[in-house]
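Asker: sequence unknown, structure follows:
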């Protein structure tokens, strides 16, 4: 297992945790760094990190070594998640002026935009069976690079392309849909809702 943690009061750091229990081991990259996904072969972590004030997507071998920067666009590139065949990483980016879904090869090449509608779209997650991409959508203009608390939609689009369709509505925000969320059989999706502040 992998987590991001603020316990020590400094920037977010990443740790590996044994599934059977035991002490966490820090992933040795500078903070802030936010874990998002594992490669299908379990050998690589994909995460977002801020370097010189810019959020980009990085990978690092679980066995150790240096981090690899995959995106260089100004602004916020975030929320990476691998496809089950290990060929693509999906992510969100505001490089066009509105947060939209993008994808790229796992070496950072062939970066291409997937959505381009009137919503702000965040945190894409490919299904294990390779058929779908689900993501978080909002009509609210974000004040920062993260989803503000408010009304959200989960939308589903075929991985081969097509028109997204809404599958859920709820009150949420940053933390509702940040990490991989599909059941192994690709039939269910987990997400977190918030209680609106009175």
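Answerer: Great, that's in hand. Please read all numbers here as calculations on a predicted model, not as lab measurements.
Asker: Next one: residue 109 from residue 149, what distance?
Answerer: 36 Å (C-beta to C-beta, to the nearest Å). Placement of C-beta: from N, CA and C, glycine included.
Asker: first to last residue in stretch 95-102, what's the distance?
Answerer: End-to-end span of stretch 95-102 (C-alpha to C-alpha, to the nearest Å): 10 Å.
Asker: Of residue 109 and residue 149, which one has the most company?
Answerer: Neighbour count, other C-beta atoms under 10 Å: between residue 109 and residue 149, residue 149 has more, with 16 against 8.
Asker: List the residues that contact the more buried one.
Answerer: Residue 149 makes contacts with 171-174, 194, 196-197, as judged by C-beta atoms under 8 Å, 6 or more residues apart in numbering.
Asker: what's the closest of these to residue 183?
Answerer: residue 172 (19.5 Å; C-beta to C-beta).
Asker: low-confidence ranges in this protein?
Answerer: Residue ranges of the chain with pLDDT under 70: 1-2, 6-8, 197-198.
Asker: Secondary structure element holding the residue nearest the centre of it?
Answerer: Nearest residue to the geometric centre of the chain (C-alpha atoms, centre = their mean): residue 79, 2.0 Å. Using DSSP states H and E, residue 79 maps to strand 77-82.
Asker: can you pull the buried residues of that strand?
Answerer: Buried residues in strand 77-82, counted by 16 or more other C-beta atoms under 10 Å: 77-82.
Asker: So what touches that strand?
Answerer: Contacts of strand 77-82 from elsewhere in the structure, counted by C-beta under 8 Å, 6+ apart, are 34, 36-40, 46-48, 55-57, 70-71, 88-93, 95, 102, 106, 122-126, 145, 178, 180.
Asker: The very next helix or strand once past it packs against which elements?
Answerer: Using DSSP H and E, the next helix or strand after strand 77-82 towards the C-terminus is strand 88-93. In terms of contacts (3 or more C-beta pairs under 8 Å, 6 or more residues apart in numbering; DSSP states H and E), strand 88-93 is packed against strand 77-82, strand 100-105, strand 120-126.
Asker: List the strands paired with the helix or strand following the second one, with their directions.
Answerer: Past strand 100-105, further along toward the C-terminus, the next helix or strand under DSSP H and E is strand 112-113. Taking DSSP bridges as the criterion, strand 112-113 sits next to strand 100-105 (antiparallel) in its sheet.
Asker: what's in contact with the partner strand?
Answerer: Applying C-beta under 8 Å, 6+ apart, the external contacts of strand 100-105 come out as 70-71, 77, 87-94, 110-117, 120-121, 124, 133, 135.
Asker: got JSON lines for the helices and strands packed on strand 88-93, with distance to residue 187 too?
Answerer: JSON lines is the format used below for those (distance: least, C-beta to C-beta, whole Å):
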{"stretch": "strand 77-82", "distance to residue 187": "18"}
{"stretch": "strand 100-105", "distance to residue 187": "22"}
{"stretch": "strand 120-126", "distance to residue 187": "14"}
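Asker: buried subset of the contacts of strand 100-105?
Answerer: Buried by 16+ other C-beta under 10 Å: 70-71, 77, 88-94, 111, 114-115, 120-121, 124, 133, 135, out of the contacts of strand 100-105.
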